[in-house]
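[1] Test case, fold it:
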Amino acid sequence: MLKSKIDQATDFEKRFENIDTVVFENATEASKAVAQQIATIIKSKQQKNESCVLGLATGSSPKGLYAELVRLHKEEGLSFKNVITFNLDEYYPMEPDSINSYVRFMKELLLDHVDILPENYNIPDGTLSKTEIARYCATYEEKIESLGGIDLQILGIGGNGHIGFNESGSLQNSKTRLVALDHITRVAASKDFSGLNNTPRTAITLGVKKIMEAKQVILMAWGEGKSNIVKASAEGTVTNQVPASFLQEHNNAVFVLDKEAASKLTRINRPWLVSTIDWTEQLTRKAVLGLALDLKKPILMLTDADYIENGMSDLLADSGPAYDINIKIFNNLQNTITGWPGGKPNAEDINRPERAEPARKRVLIFSPHPDDDIISMGGTFMRLQQQGHEVHVAYQTSGNIAVADDEALRFARFVCDYNDKFSIKSPEAEQIYKNATAFLKNKKNSEIDIPEVRYLKGLIRKGEARSTSNFVGLTDDKIHFMELPFYETGTIEKKPLGPEDIQLTMDLIEKIKPHQIYAAGDLADPHGTHKVCLDDIFTAVKNLKSKDYMKDCWVWLYRGAWQEWGIDEVEMAVPMSPDQVLAKRHGIFKHQSQKDGVVFQGSDAREFWQRAEDRNKETAELYIQLGLSNYAAMEAFVRWHY
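    Next up is the predicted model:
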């Protein structure tokens, strides 16, 4: 299946790529294809009475692959008795039964569910003394060599291009060893360790040399967040600053991607540079806006020569001259700007993003966490309320894991002090405080919070969300705390989206019967809470689409503090004045537990209000650069058609 997918794209179409790349619609389909490839190799080896040596990876990318391999074993009889596995890496130091150990990861996701012999799986030992590591690593490689090498190596890719834990700067002949983890890698992992301070600084990793010696290599990448590094690895020069680029020199390596991870590849992002295309309205807009930004020219200043010299002569021949194309794209972009996100009453709306009627709309804003609404679309949120619409906000999850332990203790102590001050006898509150204190005092890194602590943390975030919504002008009956069950595990690892989650969302939509739904459209991490919450909304809306009221319901997607829609994608841009930017900042400040030392800060050191302001300012500056009106900031939206 992989080979047929590779063959679908012609060599001309892939001329910017220096390695085979296979693009699937989604990670699920891609994982199934890779699982079939592995199954084929295992069965081929079984027929020859030979061992099949697999190199395995951890992280989010292979989760779907391992689930499919387990299914193939249980439902289709795929045996692993002839399989010998070598894992790429392990954090150091790390106990094998730790919640974050790769031993535990592999056992829970694959090894305990198939018939592989216990002596046949190998995972680096994170319990060794440092003096033992060098000899251990040499033995690890010797064992691989004694088996004839790795038949198939599975890889993910880090944000800096690392493979295994071979970070930027690793050499192509590097051996299995103890390495210091790059800051970017630690930040990416910090969500699993409840913060950067708890994240290991070192790890044991298989060297690049052994990876390159594998007979076949499959690198898997999912989500828009991997798109830039995928492009650099597949189309850029071979460099030790991007270790995944070494695979360009492997004679049997392939990148298996979903469409989001592949979105920056030239043949997908700028297809007019690699083949003759049908110049659709969307592709024309993408090409012209990209050209203007690349040349640092306003749209109306682009010339015929600009089009011809930048691979767009076909567009010029089809729709030119440049002046006509420029005017059309300029007007199209100008029409995305509106100060009336709910539609402007009694106004001509043919060129506006939203309908004028009904003049007073019922609006339902879904917020994955208790602060995404104000961070991502706070200016629009306030404007909808101020312009007289019936605005509801629904917080899909409690967000409790993002509250620091000391915040939970402070909150519990406040309740006890409050009761003492006003002579309120509450032995229950005292007991909760004692339980929480005792637990947190002895809590191990990444240990699951006890229910009392999780509930306390959820109450903190609920109070902050209510405060923000009240600040915007909503009454309590317009604030909905959904607490979707998939999220409430107390750990980073969530349950799969289930029927109960979807039903809760359908019930709320049916209750409100909205004319507008706003939802977080972040696609950077296909396994992240935002994506799961979006899938929940999409499924609920599709299930309800036959209802009469849904015929009048439009769904608008916003993005979070991490990224923004591409300028060519934006369908509604809501401008903000300096005063409105400041008001949004004050709304974000209501989330005190998420200021000054956020648990999941990510690789960006700025606070959320700073990220939001900078992102909104950057969007406005793009419009200015393209020759449109000058605004202090803008929030951008894309409409989803169901």
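[2] so Ala632 sits right up against Thr619, yeah?
    No. Counting by Cβ atoms under 8 Å, Thr619 is not a contact partner of Ala632; they are 10.8 Å apart. All C-beta spots, glycine's among them, are computed from the backbone N, C-alpha and C.
[3] Compare those two (neighbour count), which wins?
    A count of neighbours by other Cβ atoms under 10 Å puts Thr619 above the other of Ala632 and Thr619, at 22 against 16.
[4] how about that one, what does it touch?
    When the contact criterion is Cβ atoms under 8 Å, 6 or more residues apart in numbering, the partners of Thr619 are 564, 567, 570, 573, 633-636.
[5] Go again with 10 Å.
    Taking Cβ atoms under 10 Å, 6 or more residues apart in numbering, we find Thr619 in contact with 564-565, 567, 570, 573-575, 631, 633-636.
[6] Then Arg454?
    Here Arg454 is in contact with 398, 400-401, 403, 408, 436, 448, 488-490 (Cβ under 10 Å, 6+ apart).
[7] Which pair in those has the greatest spatial separation?
    Ala436 and Thr489 (18.6 Å; Cβ to Cβ).
[8] which of the two has more neighbours?
    Ala436 (24 against 13).
[9] Farthest pair within the contacts of Thr619?
    Farthest pair in the contacts of Thr619, by Cβ to Cβ: Trp565 and Tyr631, 16.3 Å.
[10] quick one, which of those two is more surrounded?
    Ranked by neighbour count (other Cβ under 10 Å), Trp565 and Tyr631 place Tyr631 first, with 23 against 17.
[11] hang on, that one packs against Tyr623?
    Yes. Tyr631 is within contact range of Tyr623, at 7.1 Å (criterion: Cβ atoms under 10 Å).
[12] any residues in contact with both of these two?
    With Cβ under 10 Å, 6+ apart, Tyr631 and Tyr623 have common neighbours 337, 573, 575.
[13] Next one, pLDDT for Ala561 please.
    pLDDT for Ala561: 63.
[14] packing partners for the host helix or strand of Ala138?
    Using DSSP states H and E, Ala138 falls within helix 130-146. Applying 3 or more Cβ pairs under 10 Å, 6 or more residues apart in numbering; DSSP states H and E, we find helix 130-146 packed against strand 52-56, strand 83-87, strand 121-122, strand 177-180, strand 202-205, helix 208-213.
[15] which stretch among those comes nearest His586?
    Nearest of these (Cβ to Cβ): strand 177-180, 41.3 Å.
[16] Just the buried residues of the closest one, please?
    Along strand 177-180, these residues count as buried under the neighbour rule (16 or more other Cβ atoms under 10 Å): 177-179.
[17] where does it sit relative to the chain's centre, distance-wise?
    Relative to the chain's own centre, strand 177-180 is displaced by 27 Å; criterion: Cα atoms, centre = their mean, to the nearest Å.
[18] Give the next helix or strand downstream of that strand.
    helix 183-189.
[19] can you tell me the average pLDDT over the helix or strand hosting Tyr623?
    In this assignment (DSSP H and E), Tyr623 forms part of helix 608-625. Average pLDDT, helix 608-625: 93.
[20] on that earlier part again, what residues are shared contacts of Ala632 and Thr619?
    Residues touching both Ala632 and Thr619 (Cβ under 10 Å, 6+ apart): Pro575.
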